[in-house]
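**Student:** Pasting the sequence and the predicted model now:
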Protein chains: 2
Amino acid sequence: MSSGATTAVASDPTGLHRVLDDHAVLPQAARRLDTRRELWPDEVRIRVERLNLDAASFRQLERKHGGDGAAVRSEVLGIISERGKMQNPETGSGGMLVGTVEEVGEESPLGLRVGDRVATLVSLTLTPLVIEDGLTRWDGRSEQVPCDGYAVLFGRSIAAVLPEDLAPELSLAVMDVCGAPALTARVVDQYDAPTVVVVGGAGKSGSLSLAAARDAGAGRVIGVVPHQAEAERLEAAALADAVVLADARDPIALRDRVVEAGGPADVTVVCVDVPGCEGGAILTTAAGGTVIFFSMATSFSAAALGAEGLAADVTMLVGNGYVPGHAAYALELLRAEPGVRTLFEERL
Amino acid sequence: MSSGATTAVASDPTGLHRVLDDHAVLPQAARRLDTRRELWPDEVRIRVERLNLDAASFRQLERKHGGDGAAVRSEVLGIISERGKMQNPETGSGGMLVGTVEEVGEESPLGLRVGDRVATLVSLTLTPLVIEDGLTRWDGRSEQVPCDGYAVLFGRSIAAVLPEDLAPELSLAVMDVCGAPALTARVVDQYDAPTVVVVGGAGKSGSLSLAAARDAGAGRVIGVVPHQAEAERLEAAALADAVVLADARDPIALRDRVVEAGGPADVTVVCVDVPGCEGGAILTTAAGGTVIFFSMATSFSAAALGAEGLAADVTMLVGNGYVPGHAAYALELLRAEPGVRTLFEERL
């Protein structure tokens, strides 16, 4: 039963009613969220079985604790219990979750039913979350976190029912990055047979973006990877016309290698979760081109000032994780492209 | 005479040859630049008479030192001498400068002549700079910093000769923000008579963006300001169809006030240099709309995750300070719109 009537605060589709900070901010920007079990009438509660931490966030925690899994686990537990959500204070990022619908408020617009197995497509950074098993089944060494607990979705949240033909970990990994291929396809479609460069092409969002670029009519697709093993994996996946080996933090090297492989790019998609790739991406992109930044390690000022400093007339997009139909499109690419599926399964 | 022959390192149009860091980064990302007086063949040296610090950077320094001008001056001097450029380590931003061309390398492609009075249109964050007068003529209480020293431009830098019909401080202030109106006009032009909201409409980039939106065919132009005095100034300037009073950090208030004034926006332009405006800008923008972030206080992850968390299908642009023809266009708007000119002159 929904217990919205027990509180004087009306719910807002954005989740504003669960923000505990002193001044009005949206849940994503909030220091702390209200994690009460009782639902407002437009909310949904999920029984959580697995978190998928954002890659940039997990890497930062791994580096910070020198790979000590127990310390990583303890920090994640601390963040969730203190903030009422999983948001890495360093990277600002979260991740997503898989679970089963436990209760649906009578005014929820999401169309979910009790028992549906779903993945949330809104970030953990704004999702009220309570962990009830101390994360004892997680060793702190992987982004995939098995757990027991509950989470709350708002009126304007998005969740997708998991497809029955794919393993849930696989669906979750795809949905976690599904904004990237959808936005890549949209941008590629605005050009005539463009040259598309995907930095981090062997990764999850990168391989899907390569497949999306080709699907959307790219003339030439170039994948950039940081070392030989990844180059071999990406070549085997047959998702790119050329695979380039370059450190994306070295702008001159990146530009030169991409030009040798048929660049510069009309569209550059940045999918690597390391800081310092802004200059190289800009320098690799032709005048009139577009750079899409999907990495949470992107620095706004480095991008803005980098382009200005290079007198680069490029459009720079903040990679929005939401594009209508994004989850269905990403799953479709995974099913259609064996190379994408293999790269994903190797990373699970 | 150029003395490029005295060094073994060849120059690169991006200025890479003056980076002193251990690994290859562009000058903007560098910790420290080589400020030697001697020019490589494609460089230009400017005798500097005035710096114009980036507003977000100056505000941060002012807050940090509680308005103590001597402390602000001392920190700015320290940054420049340590890094060989003016780049606020907190905000990552710099500003620009005015000066006179002192020497032109024989291979410089910039078309400048000795004696030209110019403003640089690339950021101070990547411009080798030496201060020779200890900033003794500056009280540390204004973004405009009179000084004596020299700076170096690279092959790919941009500088504009100051127009003779305008005071140099005025031209400099206009050129400092000239990327904003040019990009605003380009985006507005992609919509049919759109509703345009400029957050921070009474400021420098804001007032120019309002004028540009109208010039580019906006159907309705709404300026958002934080307090009554600014509202009165903006109303007197007659640059907007509606002036809205709202705290841009309060997303719900911003959305509600803008909707009352004829919103939501098709195009939202963020020109306020305070953190925390991402959610409000996204929430104020209709599906299919565009948000242009010009503020250096923008957080990349707050924008990306905020849009995802709101399931907002909006295009988000990193405000690129360079658009071809931007300086001439901004000066043209200033000359054509008395309201813009008045707002600028009040802020000098």
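**Tutor:** Good, I have the coordinates. Numbering: from 1, shown residues only, chains lettered A, B, ... in the order given.
**Student:** How about the residues of the stretch 201-348 of chain A by chain B?
**Tutor:** A:249-253, A:276, A:278-279, A:283, A:293, A:296, A:298-324 (C-beta under 8 Å from any C-beta of the partner chain). For the C-beta atoms, the positions are set from N, CA and C on the backbone; glycine is no exception.
**Student:** Buried only: go through these for me.
**Tutor:** A:249-253, A:276, A:278-279, A:283, A:293, A:296, A:298-323 (16 or more other C-beta atoms under 10 Å in any protein chain shown).
**Student:** can you tell me which of these are in helices?
**Tutor:** A:251-253, A:278-279, A:283, A:300-309 (DSSP state H).
**Student:** Disregarding residues adjacent in the polypeptide, which is nearest to the closest residue to chain B within the stretch 51-200 of chain A?
**Tutor:** When scored by C-beta to the nearest C-beta, the stretch 51-200 of chain A has A:Gly92 as its residue closest to chain B, at 3.7 Å. Spatially, and ignoring its direct neighbours in sequence, A:Gly92 is nearest to B:Ser301 (3.7 Å; C-beta to C-beta, 6 or more residues apart in numbering or on different chains).
**Student:** wait, what's in contact with the one you found?
**Tutor:** Residues counted as contacts of B:Ser301 (C-beta atoms under 8 Å, 6 or more residues apart in numbering or on different chains) are A:Thr91, A:Gly92, A:Ser93, A:Met296.
**Student:** again, only this time at 6 Å
**Tutor:** Going by C-beta atoms under 6 Å, 6 or more residues apart in numbering or on different chains, B:Ser301 touches A:Gly92, A:Ser93, A:Met296.
**Student:** before we move on, what SS does A:Leu61 have?
**Tutor:** At A:Leu61 the chain is in helix, as set by DSSP: H, G, I helix; E, B strand; the rest coil.
**Student:** Apologies, that question was intended for A:Val98.
**Tutor:** strand.
**Student:** any idea how far A:Met175 is from the closest residue to it other than its chain neighbours?
**Tutor:** Nearest non-adjacent residue to A:Val98, counting by C-beta to C-beta, 6+ apart: A:Arg50, 4.5 Å away. Distance, A:Arg50 to A:Met175, by C-beta to C-beta, to the nearest Å: 12 Å.
**Student:** ok, now A:Gly99?
**Tutor:** From A:Gly99 to A:Met175 the distance is 13 Å (C-beta to C-beta).
**Student:** what touches both of those two?
**Tutor:** Common neighbours of A:Gly99 and A:Met175, counting by C-beta under 6 Å, 6+ apart, are absent.
**Student:** what about stretch A:249-266, how long is it end to end?
**Tutor:** From its first residue to its last, stretch A:249-266 covers 20 Å (C-alpha to C-alpha, to the nearest Å).
**Student:** Could you pull out the buried residues of that stretch?
**Tutor:** Residues of stretch A:249-266 classed as buried under the neighbour-count rule (16+ other C-beta under 10 Å) are A:249-258, A:261-266.
**Student:** repeat for stretch A:328-348
**Tutor:** Buried positions in stretch A:328-348, judged by neighbour count with 16+ other C-beta under 10 Å: A:329-331, A:333-334, A:337, A:339-344, A:347.
**Student:** nearest spatial neighbour of A:Ser142, skipping sequence neighbours?
**Tutor:** Leaving aside its chain neighbours, A:Ser142 sits nearest to A:Phe58 (7.9 Å; criterion: C-beta to C-beta, 6+ apart).
**Student:** For the one you found, pull up the helix or strand it's in.
**Tutor:** Secondary structure from DSSP states H and E places A:Phe58 in helix A:55-64.
**Student:** Just want the angle from that helix to helix B:300-309.
**Tutor:** 140 degrees (axes from the mean of the first three to the mean of the last three C-alpha atoms, to 10 degrees).
**Student:** And the average pLDDT for helix A:55-64 is what?
**Tutor:** The average pLDDT for helix A:55-64 rounds to 93.
**Student:** With stretch A:144-156 instead?
**Tutor:** On average, stretch A:144-156 scores 95.
**Student:** With stretch A:228-237 instead?
**Tutor:** The predicted model assigns stretch A:228-237 a mean pLDDT of 97.
**Student:** Let me know the distance separating A:Asp42 from A:Pro13.
**Tutor:** A:Asp42 sits 7 Å away from A:Pro13, taking C-beta to C-beta as the criterion.
**Student:** anything in contact with each of these two?
**Tutor:** By C-beta under 6 Å, 6+ apart, the residues touching both A:Asp42 and A:Pro13 are A:Gly155.
**Student:** Could you check which of those two is surrounded by more residues?
**Tutor:** For A:Asp42 versus A:Pro13, the count of surrounding residues by other C-beta atoms under 10 Å in any protein chain shown is larger for A:Asp42: 25 against 15.
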